[in-house]
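Participant: build me a structure from this.
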Amino acid sequence: MSDLRITKESISSFFLQFERTLGKVLKIPDYQREYVWSNDNFSRLAEDLTDFIKIEDEKRPNEYYLGNIVLHEHNKEINIVDGQQRLTTLLIINFVINKEQSILKKGEIEFSFLFKSKISRKNIKNCQHFFEEYLTNEERKKCLVKAIEKVIFVSITTGSPDEAFTLFDTQNNRGIKPKVADLLKAVHLMSIINDEKLQESFAKKWEDIEKYEKAHPLLLSILPWYKNQFMPDLINTVLWRARTWKYGNYSFAWDDGVEKEFFKELKDVQSNTIKVFSGINKFVGGEIQCSSGGNCFVVKSYSIPKSPINYPISVRQPLERGVTFFIFVEKYFETLQYIFEDRSQVKFQEFFNKLYRYQSDYMKQAFVVASLVFVDKFGFENLLSFAKYWDYATGHLRQFLYRIRMETYPKFIAQQQLLDKIFNSYTESELFRQLLEVKPNFELRSISAPMRKYHEAYIEYYKIVKSELPNDFENDYQKKRKIVEDQICC
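Facilitator: All right, here's what the predicted structure looks like:
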């Protein structure tokens, strides 16, 4: 580990380190999440502080410990890595108590706490209103004023981004644990080398994806759990699976695994460039460079269109920290958008809408991961054909199993190595023939409503003449195979 500065601080002594005359700025960096403390957090803190003061003097500790604050020092900026929720709350309490003599109003401290988010501004107002109301009670005011003077925390300052986030990751304070997506954003923004404008550009793009509220209904029907927080599903449900469901293995995204895949095992970088691997999208080796404005272009290679969809990046390629990760996420977000929103893909969207939209989430999510992987390998031209072959190779799970469980699709995909077949095929026709060779399980034990629904959907879509025998799913499924087989292309 690099040298750490560890000091015990009161509220006043901590902020005095950043008097204007000392030339250092305390900053909440752009990569930090919103201020998200709520009335529950305010109430717990106020009650804890008040109860602390009510303890008899001889039994009460001299100090009230409020955890560790982790700081990353870069030039003259001191970035708050862990502790912005607590420090912001303490500043607001200090303002409510001291008004014109508060740290905020006196203007002697050099800090940059810019809250651009509506969520942050709303919660800051709520915090101010909560403590103004709380302090209308004179006894509580007396206790809180006295308790605030007893508050201390340990300030840990490091010049190493990795060390800062290692410390952050091991903290066990009373705050709200950040989502993994927030951590990834912070880690990779910090890994961008000496370019604040580039950091701001990628932070803005990340937030646009995260709060993607105008998603096409088809896209929201696939990733329904975080309609106002699109990023967690993009990373956990799509990108994680596309990268890790391989070689006969599968697992589901969990925090440690996602951190390991998308941060902890990635290489540090020395510049804001991306290595382009030979053999990806017909490009020879090269690099992508990004300007401060966020415009990226390829050097040491052929020129490419500006759209991130066309960047020479593969979903399973090795990643590095910083710019590479942001370009990777941006590319596959825009790819998903194109698949499910662009009018050029309307026939594919119609297929999905009729056969998959109202089926199990597990079935839909496997379909979208496979579609993304196919586009990554072969492009958009024959995406509809792929959808039909994939549906033949995997749709029998829905047709002949009474219940689809969380592991049903990933287990089958792993056993058959279906995603690997996509990556390893040289041509689409080679891939399609392999998908047709998958042997469905036609064992029918009992029948559920979703099974009938899927059956009726593909019967209608393919205009199959339904078998005269009741529940003759096997015969009808084989008819579907014949129609799909006759369409082999490429």
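Participant: OK, contacts around I6?
Facilitator: Each residue near I6 by C-beta atoms under 8 Å, 6 or more residues apart in numbering is listed here: 154-157. Where you see a C-beta, it was placed from the backbone N, CA and C, and this is true even at glycine.
Participant: what's the burial count for Q359?
Facilitator: Residues within reach of Q359, counting by other C-beta atoms under 10 Å, total 19.
Participant: doesn't Y454 make contact with it?
Facilitator: Yes: between Q359 and Y454 a contact is recorded at 6.3 Å, counting by C-beta atoms under 8 Å.
Participant: shared neighbours of these two, which are they?
Facilitator: Shared contacts of Q359 and Y454, counting by C-beta under 8 Å, 6+ apart, come down to R398.
Participant: quick check: the gap between V180 and I97.
Facilitator: According to C-beta to C-beta, to the nearest Å, V180 and I97 sit 36 Å apart.
Participant: an error on my part: the question was meant for I413.
Facilitator: From I413 over to I97 (counting by C-beta to C-beta), the distance is 59 Å.
Participant: do the same with V269
Facilitator: 45 Å.
Participant: out of those two, which sits in the busier spot?
Facilitator: For V269 versus I97, neighbours defined as other C-beta under 10 Å are more numerous around V269 (19 against 15).
Participant: quick check: the more buried one touching N194?
Facilitator: No: in this structure, V269 is not within contact of N194 by C-beta under 8 Å, at 11.6 Å.
Participant: tell me how the chain divides into domains.
Facilitator: The record's domain parsing of the chain by automatic domain parsing lists 4-178, 204-270+309-340, 346-485.
Participant: and the helix or strand where Y409 lies, what does it pack against?
Facilitator: Element membership for Y409, per DSSP states H and E: helix 408-416. Applying 3 or more C-beta pairs under 8 Å, 6 or more residues apart in numbering; DSSP states H and E, we find helix 408-416 packed against helix 361-378, helix 383-400.
Participant: quick one: mean pLDDT for stretch 156-163?
Facilitator: In this model, stretch 156-163 has an average pLDDT of 76.
Participant: that one: how far from the chain's middle?
Facilitator: Distance of stretch 156-163 from its chain centroid, counting by C-alpha atoms, centre = their mean, to the nearest Å, is 24 Å.
Participant: go on, stretch 38-52?
Facilitator: 31 Å.
Participant: could I have it exported to PDB, CA atoms only?
Facilitator: What follows is stretch 38-52, C-alpha atoms only, in PDB (Å, rounded to 0.1, in the frame of the first residue of the first chain):
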ATOM      1  CA  SER A  38     -33.800  10.300   3.600                       C
ATOM      2  CA  ASN A  39     -35.800  11.100   6.700                       C
ATOM      3  CA  ASP A  40     -35.100   7.700   8.100                       C
ATOM      4  CA  ASN A  41     -31.300   8.400   8.000                       C
ATOM      5  CA  PHE A  42     -31.800  11.900   9.400                       C
ATOM      6  CA  SER A  43     -34.000  10.600  12.200                       C
ATOM      7  CA  ARG A  44     -31.600   7.800  13.200                       C
ATOM      8  CA  LEU A  45     -28.600  10.200  13.300                       C
ATOM      9  CA  ALA A  46     -30.500  12.900  15.300                       C
ATOM     10  CA  GLU A  47     -31.800  10.300  17.800                       C
ATOM     11  CA  ASP A  48     -28.400   8.700  18.200                       C
ATOM     12  CA  LEU A  49     -26.700  12.000  18.800                       C
ATOM     13  CA  THR A  50     -29.500  13.100  21.300                       C
ATOM     14  CA  ASP A  51     -29.400   9.800  23.100                       C
ATOM     15  CA  PHE A  52     -25.600  10.000  23.300                       C
END
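Participant: residues of that stretch that come out buried?
Facilitator: 41-42, 45-46, 49-50, 52 (16 or more other C-beta atoms under 10 Å).
Participant: repeat that for stretch 431-439.
Facilitator: Judged by neighbour count (16+ other C-beta under 10 Å), stretch 431-439 contains these buried residues: 431-432, 434-435, 438.
Participant: which residues sit against it?
Facilitator: Applying C-beta under 8 Å, 6+ apart, the contact partners of stretch 431-439 are 374, 378, 385-386, 389-390, 392-394, 416, 418, 421-422, 425, 481, 484-485, 488-490.
Participant: skipping its backbone neighbours, what lies nearest T88 in space?
Facilitator: Y35 (5.5 Å; C-beta to C-beta, 6 or more residues apart in numbering).
Participant: wait, the one you found sits on F115?
Facilitator: Yes: using C-beta under 8 Å, Y35 is in contact with F115, at 6.1 Å.
Participant: which one of the two has more residues nearby?
Facilitator: Set Y35 next to F115 and count neighbours by other C-beta under 10 Å: Y35 wins out with 22 against 17.
Participant: which ones are touching that one?
Facilitator: Y35 touches 84-85, 88, 115, 117, 119-120, 123-124, counting by C-beta under 8 Å, 6+ apart.
Participant: scan the chain for its longest strand.
Facilitator: Among the segments of the chain that qualify as a strand by DSSP state E, the longest is strand 64-74.
Participant: what backbone torsions are found at the residue nearest to T88?
Facilitator: The phi and psi torsions at Y35 (degrees, to the nearest 10) take the values phi -80, psi 110.
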